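J.: Need a 3D model of the sequence below.
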Amino acid sequence: LNKIQQLNYYVKLDTALLDEKLPTTEEGLEQASLGSYNIVILTEADDATIKAVNAFCRKRNIKLIVADTYGPFARIFNDFGNEFTVVDKNGEEAQEVMIKSITNEERGLVTLLETNRHHFEDGDEILITEVQGMETPDGKSINGTRHKIKVETAFSFRIGDTRGLTPYKINGKAKEIKNPVLLKFKSYEEASQLPNVAYDANLLTSDFCKLSHPVLSHIAFAVLDEFRTARGRLPNPWSVTDSDEFIRNAREHLKKLGKDEEVEKNFERFMRIFSFTCSGTFAPLAAFIGGFVSQEAVKAMTNKFVPIKQFFYNDCIEVVPDLPQEADKLVEALNTIDTSAKNDRYDGLRTVVGNALTEKLAKTKLFMIGVGAIGCELLKNFAMIGAGRDKDGHLTITDPDVIETSNLNRQFLFREKHLRKPKSQTAAAAALQMNKELKGHIIARLDKVHEGTAHIFTDKFFEDLTVVTNALDNVQARRYIDSRCVSAKTPLLESGT
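T.: The predicted structure follows:
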């Protein structure tokens, strides 16, 4: 708790119900002082607990967020009550665009000047001004009128009936009117019912290579809860017996869906991998979900920006060792994949990615440029997965800057006591605190990477690397690093702002 408090001394922190299971009765939740909070975030809770807490929260207008990661699979669920008002759905200034023409139709088509691309969405409301023409017989103008629009293209949209107006002549502006948006959320129990699951429509196809995965993930999480309730544990890692039972149980849920060839095609492989790996841990995914949920909490507190409505599923199933589609080849394939526990801190990772990739990560020679907000997050994840910890591996990080006060609110590695100290050296020391095995394998430099330091970061330096990761804040530096990686034929991961 003290280490978390160091992130921000202005935030009051406390603990509750340590080493106790969260009650599932209204009286018990009241005694646990759950009613004194505006937002409740649940992690690793079973369905019975989620439903009980959700009912408690809905009755008191408390926002609920559920977040879980199991191996390479994750989910988020929001319930912000029957009436949640979003006062500003995107945080941007109201857009104003120049009109080129307006047609006289039942749904008049407004076309903008070629240089005026709009960012409107269906249902947005606009105010029209400064138009010449477009008047009624009694002299009333289209100017000053509001219209809900339907987007046609990036340069046009439709408004209301303009047939009773005189033809458009010239000029005109359309300005966005920011209206509050009222959202209605369902309870967890209602929102999770197949086949009418309340997936967030904007995030349902977050990965176009995995169109069936949200549905499959929803089934898998439901079956996982059933398995854990019945057995008192998660499926054993890479257990064919447990995965067979998991698949049988999942088929009962599959019957509730209509015919879906994409879901059925990927069903067995997905469920087996879920069963094999759900007891593992994959730190980068946990970091992603943690950041995502933090944003949702801010939305719940400020009523600014549109929250997830209501289920969001995500996975990085690609990191799992390849398995054959044919069931008869499965046992043979499993004999070639080493996922056995070695009683070290990487057993959770090994369950997900296998021992071969875990050891490959350990031997990684990685160079990270920039140790700001993104760099600190990357380094934290590299430390968690043990990248570069082997005698043949190393992590080299570089940043010429020192820590400023503005750096303290956007990462986990720097504290107030580190102000005016070098970013790279401070971050390296923090990474060592997270993973002692990096001692002697993490090199912190203060050099800027550009033409003037080509004698330090030579062609051979780049050629010997496994991968380069950018965490930069300017285009010029990114292009230079990119050119060096292209010349050295070294992979580059670009994540600068």
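J.: How about stretch 371-390, which residues are buried there?
T.: 371-372, 374-390 (16 or more other C-beta atoms under 10 Å). For glycine as for every other residue, the C-beta is placed from the backbone atoms N, C-alpha and C.
J.: mind saving the C-alpha coords of it as PDB?
T.: Only the C-alpha atoms of stretch 371-390 are listed here, as PDB (Å, rounded to 0.1, in the frame of the first residue of the first chain):
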ATOM      1  CA  VAL A 371      12.200   6.600 -21.300                       C
ATOM      2  CA  GLY A 372       9.100   8.800 -20.900                       C
ATOM      3  CA  ALA A 373       5.500   7.700 -20.400                       C
ATOM      4  CA  ILE A 374       5.500   5.000 -23.000                       C
ATOM      5  CA  GLY A 375       9.100   3.900 -22.400                       C
ATOM      6  CA  CYS A 376       8.500   3.400 -18.700                       C
ATOM      7  CA  GLU A 377       5.400   1.200 -19.500                       C
ATOM      8  CA  LEU A 378       7.400  -0.800 -22.000                       C
ATOM      9  CA  LEU A 379      10.300  -1.300 -19.600                       C
ATOM     10  CA  LYS A 380       7.900  -2.400 -16.800                       C
ATOM     11  CA  ASN A 381       6.500  -5.100 -19.100                       C
ATOM     12  CA  PHE A 382       9.900  -6.200 -20.300                       C
ATOM     13  CA  ALA A 383      10.900  -6.700 -16.600                       C
ATOM     14  CA  MET A 384       7.700  -8.600 -15.900                       C
ATOM     15  CA  ILE A 385       8.400 -11.100 -18.700                       C
ATOM     16  CA  GLY A 386      12.100 -11.400 -18.000                       C
ATOM     17  CA  ALA A 387      13.300 -10.000 -21.300                       C
ATOM     18  CA  GLY A 388      17.100  -9.900 -21.600                       C
ATOM     19  CA  ARG A 389      17.800 -11.700 -18.300                       C
ATOM     20  CA  ASP A 390      19.900 -14.500 -19.700                       C
END
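J.: Could you count how many residues lie near residue 401?
T.: Number of residues near residue 401 (other C-beta atoms under 10 Å) recorded here: 14.
J.: first vs last residue of stretch 88-102, how far apart are they?
T.: Distance across stretch 88-102, first residue to last, is 29 Å (C-alpha to C-alpha, to the nearest Å).
J.: about what we covered before: filter the buried residues of stretch 371-390 down to just the ones in helices.
T.: Counted as lying in helices by DSSP state H, out of these, are 374-384.
J.: Quick check: bridge partners of residue 98?
T.: For residue 98, the beta-bridge partners are residue 173 (DSSP bridges).
J.: That one reaches residue 112, doesn't it?
T.: Yes. With contacts counted by C-beta atoms under 8 Å, residue 98 reaches residue 112, the gap being 6.3 Å.
J.: Which of the two has more residues huddled nearby?
T.: Set side by side, residue 98 and residue 112 show more neighbours around residue 112, with 21 against 14, by other C-beta under 10 Å.
J.: tell me the contacts of the more buried one?
T.: Residue 112 makes contacts with 97-100, 118, 155-156, 174, as judged by C-beta atoms under 8 Å, 6 or more residues apart in numbering.
J.: Now those residues in CSV, please, with extra columns for pLDDT.
T.: What follows is the contacts of residue 112, written out as CSV (pLDDT from 0 to 100):
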residue, pLDDT
97, 95
98, 96
99, 96
100, 95
118, 94
155, 96
156, 96
174, 96
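J.: looking at these, which has the most residues close by?
T.: Going by other C-beta under 10 Å, residue 174 tops these with 25 neighbours.
J.: Nearest residue to it in space, please, no chain neighbours.
T.: Of all residues not flanking residue 174 in the chain, residue 126 sits nearest, at 4.6 Å (C-beta to C-beta, 6 or more residues apart in numbering).
J.: same deal with residue 262?
T.: Nearest to residue 262 is residue 212, by C-beta to C-beta, 6+ apart, at 4.3 Å.
J.: Could you report the neighbour count for the one you found?
T.: As a burial measure, residue 212 scores 16 neighbours (other C-beta under 10 Å).
J.: Which of the helices and strands in the chain ranks last by mean pLDDT?
T.: Of all helical and strand segments in the chain, the minimum by mean pLDDT, DSSP states H and E falls on helix 330-334, at a mean of 84.
J.: Now do the buried residues in that one.
T.: Neighbour-count burial for helix 330-334, counted by 16+ other C-beta under 10 Å, picks out 330, 334.
J.: measure the nearest residue to residue 60 once chain neighbours are set aside to residue 47 for me?
T.: Nearest residue to residue 60, sequence neighbours excluded (C-beta to C-beta, 6+ apart): residue 35, at 5.5 Å. Distance, residue 35 to residue 47, using C-beta to C-beta, to the nearest Å: 22 Å.
J.: more neighbours, these two?
T.: residue 47 (18 against 15).
J.: Quick check on the nearest residue to that one once chain neighbours are set aside: phi, psi?
T.: Excluding the flanking residues, the one nearest residue 47 by C-beta to C-beta, 6+ apart is residue 225, at 4.5 Å. Main-chain torsions, residue 225, degrees, to the nearest 10: phi -60, psi -40.
J.: and residue 225, what pLDDT?
T.: Note for residue 225: predicted pLDDT of 97.
J.: and it, how many residues sit next to it?
T.: Residues lying near residue 225 (other C-beta under 10 Å) number 15.
J.: Does it touch residue 44 like I think?
T.: No. In this structure, residue 225 is not within contact of residue 44 by C-beta under 8 Å, at 11.1 Å.
J.: Quick one: distance of the helix or strand where residue 176 lies to the chain centre.
T.: Using DSSP states H and E, residue 176 sits within strand 173-177. Computed by C-alpha atoms, centre = their mean, to the nearest Å, the chain-centroid distance of strand 173-177 equals 32 Å.
J.: for whatever helix or strand comes next after it, packing partners?
T.: Next along the chain after strand 173-177, taking DSSP H and E as the criterion, comes strand 181-183. Secondary-structure packing of strand 181-183 (3 or more C-beta pairs under 8 Å, 6 or more residues apart in numbering; DSSP states H and E): strand 84-86.
J.: any idea how far residue 399 is from residue 471?
T.: Separation of residue 399 from residue 471 (C-beta to C-beta): 9 Å.
J.: Identify the contacts common to these two.
T.: Counting by C-beta under 8 Å, 6+ apart, the common neighbours of residue 399 and residue 471 are 369-372, 375.
J.: so which of the residues you listed comes closest to residue 148?
T.: For residue 148, the nearest member of those is residue 372. The distance, counting by C-beta to C-beta, is 42.4 Å.
J.: Pretty sure that closest one sits against residue 470.
T.: No. Using C-beta under 8 Å, residue 372 is not in contact with residue 470, being 11.3 Å away.
J.: Dump stretch 67-79 to PDB, keeping only the CA atoms.
T.: Extracted in PDB, the C-alpha atoms of stretch 67-79 (Å, rounded to 0.1, in the frame of the first residue of the first chain):
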ATOM      1  CA  ALA A  67     -12.200  -6.600 -15.200                       C
ATOM      2  CA  ASP A  68     -10.500 -10.000 -15.600                       C
ATOM      3  CA  THR A  69      -7.500 -11.400 -17.300                       C
ATOM      4  CA  TYR A  70      -6.900 -15.200 -17.500                       C
ATOM      5  CA  GLY A  71      -3.800 -16.100 -19.500                       C
ATOM      6  CA  PRO A  72      -4.000 -14.400 -22.900                       C
ATOM      7  CA  PHE A  73      -7.800 -13.700 -22.500                       C
ATOM      8  CA  ALA A  74      -9.400 -10.600 -21.000                       C
ATOM      9  CA  ARG A  75     -12.800  -9.000 -20.500                       C
ATOM     10  CA  ILE A  76     -14.300  -5.700 -19.200                       C
ATOM     11  CA  PHE A  77     -17.900  -5.100 -18.300                       C
ATOM     12  CA  ASN A  78     -19.500  -1.800 -17.300                       C
ATOM     13  CA  ASP A  79     -22.800  -1.100 -15.600                       C
END
